[in-house]
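Colleague: model this:
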Amino acid sequence: MKAVGIIAEYNPFHNGHAYHLAEAKRVTGADVAVVVMSGNFVQRGEPAILDKWERTKLALHNGADLMVELPVFDAVQPGHLFAKGAIQILSALGVKDLVFGSEHPDVDFIDLAEKAQGIEAEKKADKNQTYAAAYAADLEEATGFKLEDPNDILGFSYAKAIVESEIEMNLHPIGRIQAGYHDKEFDEGAEIASASSIRLALHKGKMDKVQKVVPADAFKALQEKPNALGFEKPFFDLLSYRLLTDTVGQLGQVYQMAEGLEHRLVGVATAKEAPQSYQSFIKAVKSKRYTFARMQRTMLYTLLNIKVDQMQAAMADSYIRLLGFTDEGQAYLSEVKRRARLPIISRVDMGLAKANLRLDYKAGLIWQLLAGDRSNKDGQDLSRRPIHYIKEED
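Modeller: You can find the predicted model right below:
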């Protein structure tokens with residue numbers, strides 16, 4: 001069987017994602033779509049609106065065939081590490097083709113990545129420039145291509161991971177339709193909208209608008225299932241507790257707590273007129289060098305108390321966490337599992353929760369706190385079996 005790979009967050013799953021799944025199979029002639037999806041937290045450090053199991057179910061209902069989790073130690077990372085982790089999992093599952101959305105679908109991203117190999121990987125940005133901006137400037141000078149659009153950046157990151165890891169994988173960019181990645185609004189008559197604009201509409205309670213741009217089952221889930229839309233207050237309360245009770249030395253051991261950032265965080269948190277909300281706190285601690293997204297990720301690492309050594313150990317010991325499959329996805333998995341280059345985990349007991357999956361287990365428990373979900377005492381991982389979706393006959 002031929003598989004096509006997709007890397008996604010599905011936050012939330014919408015009509016554009018269903019289109020993308022169908023197009024991925026069409027342009028590659030694939031029998032199955034293998035999706036590596038971020039778990040309960042997404043790349044920018046926020047909790048996904050719906051938990052990973054609900055998003056898995058929606059993806060399977062709308063075109064995906066095999067769903068595996070991108071662990072939190074890969075999912076909540078800057079683009080190049082996010083891409084490297086996802087590509088590693090797809091490659092381990094024998095996937096040779098990757099489809100992704102792009103603002104410039106005619107660009108050969110593999111060729112671009114090969115030409116970019118001479119760019120100094122560890123170039124240091126100055127105090128007024130992020131590393132990403134410095135790298136993009138060098139890339140434009142070396143290749144003539146200005147890397148600035150979000151999907152292009154991810155596409156380049158995928159290509160870079162493939163080239164640097166010497167993986168055999170073809171890239172198939174697909175042009176975005178109707179909605180841009182960061183669009184904040186969408187027309188009343190639109191059937192496809194960006195995830196950003198849908199999240200904004202959800203926050204504003206504009207469910208009538210959302211209903212038009214998501215599949216019916218996704219709309220029902222957004223109405224009825226536990227969700228993390230109101231995460232900011234409980235997140236900030238939990239974060240404040242950590243910043244007020246941990247010592248500066250303890251905070252300094254947190255992953256990505258670089259260049260004395262822990263002193264800045266504690267100073268802002270304990271100031272006489274300290275910020276009183278999640279958004280205002282991050283705005284107070286960010287700088288030109290440290291982007292809003294970088295600070296959001298650091299806040300999550302702090303909340304989850306992920307130390308540098310824990311993150312490094314987890315990234316060096318990856319795995320394939322199976323979330324769900326259709327009959328076709330199960331058949332593909334049976335073909336490749338014996339030669340998969342990473343261990344495949346289909347069920348988690350407390351032993352795994354305290355070892356290989358300790359970061360994801362902890363992230364799942366925190367997601368439930370942020371979503372106010374008390375329905376499952378075993379959390380997001382213990383005793384959960386992969387979802388087997390059996391397609392209805394036409």
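Colleague: what's the domain layout of this protein?
Modeller: Listed domain ranges for the chain are 3-224, 232-312 (source: automatic domain parsing).
Colleague: Skipping adjacent residues, who's closest to residue 343 in space?
Modeller: Once flanking residues are discounted, residue 343 sits nearest to residue 319: 4.9 Å by CB to CB, 6 or more residues apart in numbering. C-beta: built from backbone N, CA, C; applies to glycine.
Colleague: Next up, the contacts around the one you found.
Modeller: 71, 342, 343, 344, 345, 356, 357 (CB atoms under 8 Å, 6 or more residues apart in numbering).
Colleague: ok, now how distant is the fifth one from residue 173?
Modeller: With distances taken as CB to CB, to the nearest Å, residue 345 is found 31 Å from residue 173.
Colleague: Packing partners of the one helix or strand residue 369 maps to?
Modeller: For residue 369, the element it lies in under DSSP states H and E is helix 358-371. Packing contacts for helix 358-371, counted by 3 or more CB pairs under 8 Å, 6 or more residues apart in numbering; DSSP states H and E, involve helix 72-75, helix 232-245, helix 292-304, helix 308-315.
Colleague: CA-only coordinates of the third one in CSV, if you can.
Modeller: What follows is helix 292-304 as a C-alpha-only set of coordinates in CSV (Å, rounded to 0.1, in the frame of the first residue of the first chain):
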residue,chain,number,x,y,z
PHE,A,292,5.6,36.0,21.6
ALA,A,293,5.5,32.3,20.5
ARG,A,294,8.9,31.6,22.0
MET,A,295,7.7,33.1,25.3
GLN,A,296,4.5,31.1,25.2
ARG,A,297,6.5,27.9,24.8
THR,A,298,8.8,28.8,27.7
MET,A,299,5.8,29.5,29.9
LEU,A,300,4.5,26.0,29.1
TYR,A,301,7.8,24.4,29.8
THR,A,302,7.8,26.2,33.1
LEU,A,303,4.2,25.1,33.9
LEU,A,304,5.0,21.5,33.1
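Colleague: residues making contact with that helix?
Modeller: The contact list for helix 292-304, computed with CB under 8 Å, 6+ apart, reads 41, 43-46, 72, 76-78, 130, 235, 238-239, 242-243, 251, 254-257, 261, 265, 281-283, 285-286, 290, 311, 359, 362-363, 366.
Colleague: wait, isn't residue 116 in contact with residue 147?
Modeller: No - if you go by CB atoms under 8 Å, residue 116 and residue 147 don't touch, sitting 9.2 Å apart.
Colleague: for this protein, what helix or strand is lowest in average pLDDT?
Modeller: One helix or strand of the chain scores below all others by mean pLDDT, DSSP states H and E: helix 131-143, with a mean of 81.
Colleague: Now do the helix or strand following that helix: which elements does it pack against?
Modeller: As assigned by DSSP H and E, the chain's next helix or strand after helix 131-143 is helix 150-165. With contacts taken as 3+ CB pairs under 8 Å, 6+ apart, helix 150-165 sits against helix 79-92, strand 97-102, helix 109-115, strand 170-175.
Colleague: Relative to the whole chain's centre, how far out is helix 150-165?
Modeller: In terms of CA atoms, centre = their mean, to the nearest Å, the centre of helix 150-165 is set 15 Å apart from its chain centre.
Colleague: So what's the residue count around residue 325?
Modeller: 25 (other CB atoms under 10 Å).
Colleague: can you pull the contacts of it?
Modeller: Residue 325 makes contacts with 60, 65, 66, 67, 333, 386, 387, 388, 389, as judged by CB under 8 Å, 6+ apart.
Colleague: what about burial for those residues, which qualify?
Modeller: 60, 65, 66, 67, 333, 386, 387, 389 (16 or more other CB atoms under 10 Å).
Colleague: The second one contacts residue 33, correct?
Modeller: To tie it back to what came earlier, the one meant is residue 65. Yes - Residue 65 lies in contact with residue 33 (CB under 8 Å); the separation is 5.1 Å.
Colleague: Now which of the contacts of helix 292-304 would you call buried?
Modeller: For the contacts of helix 292-304, buried by 16+ other CB under 10 Å: 41, 43-46, 72, 76-78, 130, 235, 238-239, 242-243, 251, 254-257, 261, 265, 281-282, 285-286, 290, 311, 359, 362-363, 366.
Colleague: quick one: low-confidence ranges for the stretch 51-200 of the chain?
Modeller: Along the stretch 51-200 of the chain, segments meeting pLDDT under 70 span 120-130, 177-188.
Colleague: how about a cut-off of 50?
Modeller: Where the stretch 51-200 of the chain drops to pLDDT under 50, the residues are 122, 181.
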